[in-house]
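Peer 1: Below: sequence and its predicted model.
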Amino acid sequence: MPGAAYAGPVSDQPRPARRTSGWVVGRVAGAPIVLAPSWVVAAVVLTVVLAPAVRGWAPGMVGARVYVVALVFVVLLFASVLVHEIAHGLVARARGQQPQEFVLTLLGGHTSFGAAAATPGTNALVAVAGPVANLVLAGGFLVAGLAVGRDQLVGVLLLAGAFSNGFVGLFNLLPGLPLDGGAVLQSLVWAVTGRRHTGTVVAAWCGRLVAVGVFAVAFALPFALGGRPTLTDAVWGGLIGAFIWSGASGAIRAARTQDAVDQLTVERVGRRAAAVGHTDSVAQARAVAAAAGAQDVVVLAPDGRPAAYVDVAAASSVPADLAGTTPVTTVAVTLPGGAVVDGTLVGPALLDALGRASRHSPVVVAVAHGRVVGLVRVPDVVAALRA
């Protein structure tokens, strides 16, 4: 498997806004092209691994020129991977997804976006764009290589570029996440079932099967054919198989999280709350909460805005004989402005609103149709998503 490189689209889940560490070498479609430090390792290793092949292509070549030619081929290989990733980004941008970065890494590259594809069609088109770009490049290299001829070193390099691009394009069309073919399968199942979560889980399990297949081809097939796997094939087969298995497993975990986000409601992550006026007593607050079956109490300002919430422990410590004369504000925690969300929101919209509100306070009031309906605490949201 010398010269093989993985190239794939963004995962089903959006990546964090923080940029991957590495060197920015340019920008395309408003996103940086990043060379990760591991890319240098890959370039050096591939150059050394390919040097014997270059000697076979050009027996008369000796010395440093062998490694220069090998390095040129490696650069062409990763340039092809970059074209693959840029194709993802350009199609995504045309479909309303803004790419965040294009990254070249040890095993190839990936493209990340700020948000997942909104529809199965967009998801499939973005995914298939990368392999199509490689197959087009493979055709171009093949025509040019045949025109130059295999007796010329340039022709051999062009034909090797045709093989590499053809391999990258076809390999990435295998039907399993995190490969592009897996994203196409994910989109198909998503379109049929109407659930992104189902599509992701099916495609991710297929990705695990692909990983097992890569291991089998790299290690078991040579023995079945009466030989032994080469060190190069064993190393690359192991790395790529492990990477695909890891990516598929990550997709399954991400799908569970996404499913939890899609089902997010105030009722799931919050506690029912009732509202009282700022002049009411602790006894009145207790009575209002009991009548509404609420677990929390929100104190309203004179203008009707949620201004505070009752500290349950502090309120419980007030003796019954003093509750009628103790102002509820004495056992309340002030809420800063902005610590309010629309209680009718669900799913990602609710999570986004809670994220903005939690910048002001770890406790957020949910208001629906002008009425306080719940109190949401950030740790409860995190626990619900993890569960």
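Peer 2: Nice, I can see it.
Peer 1: List the contacts of residue 377.
Peer 2: Applying CB atoms under 8 Å, 6 or more residues apart in numbering to residue 377 gives the contacts 270, 362, 363, 364. For every residue, glycine as well, the C-beta is placed using N, CA and C.
Peer 1: Near residue 212, how many other residues are there?
Peer 2: 14 (other CB atoms under 10 Å).
Peer 1: Only alpha carbons, please: show the helix or strand hosting it as CSV.
Peer 2: Using DSSP states H and E, residue 212 sits within helix 196-215. What follows is helix 196-215, C-alpha atoms only, in CSV (Å, rounded to 0.1, in the frame of the first residue of the first chain):
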residue,chain,number,x,y,z
ARG,A,196,-29.8,11.4,10.7
HIS,A,197,-29.0,9.3,13.8
THR,A,198,-30.1,6.1,12.1
GLY,A,199,-28.1,6.9,9.0
THR,A,200,-25.0,7.6,11.0
VAL,A,201,-25.2,4.5,13.1
VAL,A,202,-25.7,2.2,10.1
ALA,A,203,-22.8,3.8,8.1
ALA,A,204,-20.5,3.8,11.2
TRP,A,205,-21.1,0.0,11.7
CYS,A,206,-20.3,-0.5,8.0
GLY,A,207,-17.2,1.6,8.6
ARG,A,208,-16.1,-0.9,11.3
LEU,A,209,-16.6,-3.7,8.8
VAL,A,210,-14.4,-1.8,6.3
ALA,A,211,-11.7,-1.4,9.0
VAL,A,212,-11.8,-5.2,9.6
GLY,A,213,-11.5,-5.7,5.8
VAL,A,214,-8.5,-3.4,5.6
PHE,A,215,-6.8,-5.4,8.4
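Peer 1: Give me the contacts around it.
Peer 2: Contacts for helix 196-215 (CB under 8 Å, 6+ apart): 12, 116, 120, 174-179, 182-183, 185-191, 193, 237-238, 240-242, 244-245, 247-249, 251-252, 254-256, 258-259, 262.
Peer 1: and that helix, how far out from the chain's middle?
Peer 2: The chain centre lies 16 Å from the centre of helix 196-215; the measure is CA atoms, centre = their mean, to the nearest Å.
Peer 1: what pLDDT, on average, does that helix get?
Peer 2: Per-residue pLDDT values across helix 196-215 average out to 95.
Peer 1: if we can go back for a sec, can I get the contacts of residue 377 in CSV with neighbour count?
Peer 2: Below are the contacts of residue 377 laid out as CSV (neighbours: other CB atoms under 10 Å):
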residue, neighbour count
270, 26
362, 12
363, 21
364, 27
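Peer 1: Most widely separated two among those?
Peer 2: Pairwise distances across those peak at 13.0 Å for 270 and 362 (criterion: CB to CB).
Peer 1: remind me which residues of the protein are low pLDDT?
Peer 2: 1-18 (pLDDT under 70).
Peer 1: so who does residue 78 touch?
Peer 2: 5, 39, 42, 43, 104, 108, 109.
Peer 1: thinking the third one is in contact with residue 106, fair?
Peer 2: Yes. Applying CB atoms under 8 Å, one finds residue 42 in contact with residue 106, separated by 4.7 Å.
Peer 1: Can you show me the helices along this protein?
Peer 2: 37-57, 64-94, 120-148, 153-171, 180-193, 196-215, 221-224, 231-262, 266-269, 282-292, 312-316, 320-323, 347-357, 378-386 (DSSP state H).
Peer 1: of all those helices, which lies closest to residue 27?
Peer 2: helix 64-94 (10.7 Å).
Peer 1: Residue 33 - how many residues pack around it?
Peer 2: Residue 33 has 20 neighbours, counted by other CB under 10 Å.
Peer 1: Cheers, nothing more for now.
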